[in-house]
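A.B. asks: Please find the sequence and the predicted model below.
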Amino acid sequence: MNKKNQVIVKSIVAGALVFTILTPTGFAHDAFEGGQKGEGIVFDHDAIEQLASPVEEGGKNVKHLHEAAAVQLAEKDGVQNNTADVYAHKGFAYVGTHTANGANGGVRVFDLKDPSNPEEVAVFADEIPYTWQEKVIVKTVNTKEFKGDLAIVSLQQTSRNNANRPDSRGGMLLYDVSDPYNPEQLGFYELDRTITGTHELYLTTQGNRAIALLSNPYADYYTGGVERDFQIIDVSDPANPEKIWEFDPRELEEVAEDFNGYHWDADDGHTRPVFNHSVITDNNGHYAYVSMWDLGTVIFDIRDPENAQYLGRTEYRDDQKGAAHSAALARGGTILIETREVANPHGEGYESAYGYTRIFDIKDKSNPVLLSEFTTELTFDFSAPVNTFAKTVHDPKVHGNTLYLSYYSGGVLAVDITDPSNPEEIGRYTPDQGNVWGVFVDRNYVLASDMGQGLKVLQRNNGNNNNNNKGSRPLNH
């Protein structure tokens, strides 16, 4: 690890809010812990972990953000599903669903014409049984074969390769959502049933070509090398998606000989879990940023997507769990935000800390340079039982010089990254019994998907903030 180029700035900050103890009833993420030699797969799609205390409560109006609306998902066939990620496009919110109450909640479409009163207007991607639809990306596409708004949806089986569920499949679903009230299925990129499915994905365009990037955890392991963890799919013709390139982390020369099953025997003496959890691209679709857990955020040049090239990756201190979960970009793609989902704050040879955020300079993509690490009071609070997702960061989004982080029970944090070497929390939205999975910035508001409470619309305060902290008090440091 190249420590000499790293400048680590620990930012332990807090906005105006209340910190109390609660125990929510919502369900959290999949289990992503492990990493000791001899353990099984550490990415368990079937596991449903319950959040544990402590959880914060506070007013709905806090510095920088206030709640304009909170809308629960409509029941489907008498079942109340819970939310996963959230995305917005042309005034509509697209909310994925997780596994609670049997899954098959599909993607929910909300009309945001009145942000204070979002209206659920459609459900799609729910036709394949025993699956859940975590991630949806929507973009306007203009290719020879398709012109309109294209949605791609991740599809995961609730029980991998289950003989009692022969109709269950994983992969990517593709829909025409040019009319969001009436989504129309166009295609299905299907993975082998031995693979749980596509966990997260991304959609980009390159001229008149549309490209999807898929994260298929343990695909290589489950299929004996037939499929790969990271795949690039040409979706220019959404009815006929075509795989054009794929990659598995065990292909990297620098780590290949040290793989043990699906773990990596790293030079620091730790046996580290490695799998593809998530992927994004820059706005031009030139580079892919792949979150490969303890291998870090792996960067690829995808300008020639049939011949993508590995450029570099982020690395970790010897005492630091990796858990690269998601990524975002700032400053025109020269700054990388990496969030790390660590639910177990302890471990032999590791620092005691829940997951927190790291910020890198990536002007040289072959050599990411660590600028800072952003932590909160949750990161080092072990007053409640460990192994909880309540206190780890989850997803990042960037708007200008503001970084927005979803933080499960911590809600949504707003962080000023004008100086990326010194990030500073400037606001926080923390609903009672909160369990915020995803965050997305759209026009004049911020969307949050609360697993137990549905879609939240948060408006950014402009002007008089006299009442923004009603019901809240500052933290004691």
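C.D. replies: Thanks, I have the structure now.
A.B. asks: Go ahead and confirm Glu351 touches Asp319.
C.D. replies: Yes. Under the criterion of Cβ atoms under 8 Å, Glu351 makes contact with Asp319 at 4.8 Å. Any C-beta I mention is one placed from the backbone N, CA and C, and that applies to glycine too.
A.B. asks: Over to Phe259: give its phi and psi.
C.D. replies: phi -80, psi 140 (degrees, to the nearest 10).
A.B. asks: separation between it and Pro217?
C.D. replies: In this view, Phe259 and Pro217 are 15 Å apart by Cβ to Cβ, to the nearest Å.
A.B. asks: Which one's more surrounded, the two?
C.D. replies: With neighbours defined as other Cβ atoms under 10 Å, Phe259 and Pro217 compare such that Pro217 has more, 29 against 17.
A.B. asks: is it true that that one lies in a helix?
C.D. replies: No. Note on Pro217: no helix contains this position according to DSSP: H, G, I helix; E, B strand; the rest coil, which reports coil.
A.B. asks: Contact partners for Glu184?
C.D. replies: The neighbourhood of Glu184, defined by Cβ atoms under 8 Å, 6 or more residues apart in numbering, consists of 175-176.
A.B. asks: can you pull the buried residues of the longest strand anywhere in the chain?
C.D. replies: As assigned by DSSP state E, the longest strand anywhere in the chain is strand 147-157. Neighbour-count burial for strand 147-157 flags 149-157 (criterion: 16 or more other Cβ atoms under 10 Å).
A.B. asks: now for that strand, which elements pack on it?
C.D. replies: Packed against strand 147-157 by the contact rule (3 or more Cβ pairs under 8 Å, 6 or more residues apart in numbering; DSSP states H and E) you find strand 92-97, strand 131-132, strand 136-142, strand 171-176, strand 200-206, strand 209-215.
A.B. asks: Nearest approach to Tyr429 belongs to which of those?
C.D. replies: If you check each of the helices and strands packed on strand 147-157 against Tyr429 by Cβ to Cβ, strand 92-97 wins as the nearest, at 16.4 Å.
A.B. asks: Tell me the first helix or strand C-terminal of that closest one.
C.D. replies: If you walk from strand 92-97 toward the C-terminus, the next helix or strand you reach (DSSP states H and E) is strand 107-111.
A.B. asks: which outside residues touch the helix or strand that comes right after that following strand?
C.D. replies: Toward the C-terminus, strand 107-111 is succeeded by strand 119-124 as the next helix or strand (DSSP H and E). For strand 119-124, contacts defined as Cβ under 8 Å, 6+ apart pick out 71, 73-74, 76, 92, 105-111, 113, 151, 153, 175, 177, 180-183, 185.
A.B. asks: Using PyMOL, define a selection of the buried residues within these.
C.D. replies: Restricted to the buried members of those, where burial is judged by 16+ other Cβ under 10 Å, the PyMOL selection command reads as follows:
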select buried, resi 71+73+76+92+105+106+107+108+109+110+111+151+153+175+177+180+183+185
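A.B. asks: Go through the buried residues of strand 147-157 and say which is closest to Ala308.
C.D. replies: Relative to Ala308, the closest of the buried residues of strand 147-157 is Ile152; by Cβ to Cβ it sits at 18.5 Å.
A.B. asks: tell me the angle of the helix or strand hosting Phe440 relative to strand 92-97?
C.D. replies: Using DSSP H and E, Phe440 sits in strand 436-442. Computed with axes from the mean of the first three to the mean of the last three Cα atoms, to 10 degrees, the direction of strand 436-442 lies at 160 degrees from that of strand 92-97.
A.B. asks: tell me what strand 436-442 is packed against?
C.D. replies: Here strand 436-442 touches strand 83-89, strand 92-97, strand 396-399, strand 402-406, strand 445-450, going by 3+ Cβ pairs under 8 Å, 6+ apart.
A.B. asks: Show me what the first one is packed up against.
C.D. replies: With contacts defined as 3+ Cβ pairs under 8 Å, 6+ apart, the secondary structure elements packing on strand 83-89 are strand 92-97, strand 136-142, strand 436-442, strand 445-450, strand 454-460.
A.B. asks: how about the first one: buried residues?
C.D. replies: I take that to be strand 92-97. Neighbour-count burial for strand 92-97, with 16+ other Cβ under 10 Å as criterion, is recorded at 92-97.
A.B. asks: what's the answer for the second one, then?
C.D. replies: Of the residues in strand 136-142, those scored as buried under the neighbour-count criterion (16+ other Cβ under 10 Å) are 136-138, 141.
A.B. asks: quick one: the helices in the stretch 151-300 of the chain?
C.D. replies: Under the criterion DSSP state H, counting those that start in this stretch, the stretch 151-300 of the chain contains helices at 219-223.
A.B. asks: Can you name the residues that contact Trp132?
C.D. replies: Applying Cβ under 8 Å, 6+ apart to Trp132 gives the contacts 84, 97-99, 103-105, 155-156, 158.
A.B. asks: gap between it and Asp237?
C.D. replies: Counting by Cβ to Cβ, the gap from Trp132 to Asp237 is 27 Å.
A.B. asks: before we move on, the earlier item: what sits up against the strand holding Phe440?
C.D. replies: 29, 83-88, 93, 96, 98, 112, 394-399, 404-412, 446-451, 456.
A.B. asks: could you redo the last one with a cut-off of 6 Å?
C.D. replies: 84-88, 395, 397, 399, 404, 406, 411-412, 447-451 (Cβ atoms under 6 Å, 6 or more residues apart in numbering).
A.B. asks: rewinding a little: ok, which pair from the buried residues of strand 136-142 is furthest apart?
C.D. replies: Pairwise across the buried residues of strand 136-142, and taking Cβ to Cβ, the largest span is found between Val136 and Val141, at 14.6 Å.
A.B. asks: Which single one of the buried residues of strand 136-142 is nearest to Glu373?
C.D. replies: Proximity of the buried residues of strand 136-142 to Glu373, judged by Cβ to Cβ, is greatest for Ile137, which lies at 28.2 Å.
A.B. asks: How about that closest one, nearest residue that isn't a chain neighbour?
C.D. replies: The shortest distance from Ile137 to any residue other than its chain neighbours is 4.4 Å, reached at Leu203 (Cβ to Cβ, 6 or more residues apart in numbering).
A.B. asks: Tell me the bridge partners for that neighbour.
C.D. replies: According to DSSP bridges, the partner residues bridging Leu203 are Ala212.
A.B. asks: Give the full set of residues in contact with it.
C.D. replies: 137, 139, 152, 212.
A.B. asks: In a markdown table, list those residues along with distance to Leu336 and pLDDT.
C.D. replies: Formatted as a markdown table, the contacts of Leu203 follow (distance: Cβ to Cβ, whole Å; pLDDT from 0 to 100):
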| residue | distance to Leu336 | pLDDT |
| --- | --- | --- |
| Ile137 | 19 | 98 |
| Lys139 | 21 | 98 |
| Ile152 | 23 | 98 |
| Ala212 | 21 | 98 |
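A.B. asks: Closest one to Arg340 out of these, please.
C.D. replies: Taking Cβ to Cβ as the measure, Arg340 lies nearest Ile137 of those, at 22.2 Å.
A.B. asks: which ones are touching the closest one?
C.D. replies: 87, 152, 202-203 are the contacts of Ile137 under Cβ under 6 Å, 6+ apart.
A.B. asks: Would you mind putting those into JSON lines with distance to Pro368 alongside?
C.D. replies: Conversion of these to JSON lines gives the following (distance: Cβ to Cβ, whole Å):
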{"residue": "Tyr87", "distance to Pro368": "26"}
{"residue": "Ile152", "distance to Pro368": "27"}
{"residue": "Tyr202", "distance to Pro368": "19"}
{"residue": "Leu203", "distance to Pro368": "24"}
